[in-house]
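Please work out how this folds:
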Amino acid sequence: EAMPPAEREKFIGQMVDGLAAHLKENGNDLAGWMRLVRSYVVLGRREDATSALASARGQFAGDAKSLAELDGLAKSLGLGS
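Alright, predicted model coming up:
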């Protein structure tokens, strides 16, 4: 709250980038992938959101339930299916 807007935005960006790095190391975290995609959309980074969504789909390629959740997220965020 007390942070200036530019500093807060930088801090949030660092947190999101940290989550992305974590998922590259341990990609079996569906909730983490979903949080990352949502975060990118909120930050206006749609290309990153689309890329993260593709990575998550690759990670969970054999898991129909997880893929269905990712598809629902993509639709809800206007990222296609």
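
rest of the way, CA atoms for contacts and neighbours
Noted.

Return the helix or strand in the protein with minimum mean pLDDT.
Least confident element among the helices and strands of the chain, by mean pLDDT, DSSP states H and E: helix 5-25 (a mean of 90).

Relative to Gly62, how far out is Val41?
Distance of Val41 to Gly62, given as Cα to Cα, to the nearest Å: 26 Å.

Which of those two has more residues huddled nearby?
A count of neighbours by other Cα atoms under 10 Å puts Val41 above the other of Val41 and Gly62, at 18 against 10.

Now for the more buried one: which residues touch it?
Shown in contact with Val41 (Cα atoms under 8 Å, 6 or more residues apart in numbering): Ala49, Leu77.

switch to 7 Å and redo it
Val41 is in contact with Ala49, counting by Cα atoms under 7 Å, 6 or more residues apart in numbering.

Which element is encountered next along the chain beyond the strand or helix carrying it?
Per DSSP states H and E, Val41 falls inside helix 30-42. Sequence order places helix 46-59 as the next helix or strand after helix 30-42, per DSSP H and E.

Give me the angle between that following helix and helix 30-42.
With axes from the mean of the first three to the mean of the last three Cα atoms, to 10 degrees defining the directions, helix 46-59 sits at 160 degrees from helix 30-42.

buried stuff in helix 46-59?
Arg46, Asp48, Ala49, Thr50, Ala52, Leu53, Ser55, Ala56, Arg57, Gln59 (16 or more other Cα atoms under 10 Å).

tell me the angle that helix makes with helix 5-25.
Angle, helix 46-59 to helix 5-25, by the same axes, to 10 degrees: 20 degrees.

tell me what helix 46-59 is packed against?
helix 30-42 (3 or more Cα pairs under 7 Å, 6 or more residues apart in numbering; DSSP states H and E).

how about the helix it packs on: buried residues?
For helix 30-42, the neighbour count (16+ other Cα under 10 Å) marks Leu30, Gly32, Trp33, Met34, Arg35, Leu36, Val37, Arg38, Ser39, Tyr40, Val41 as buried.
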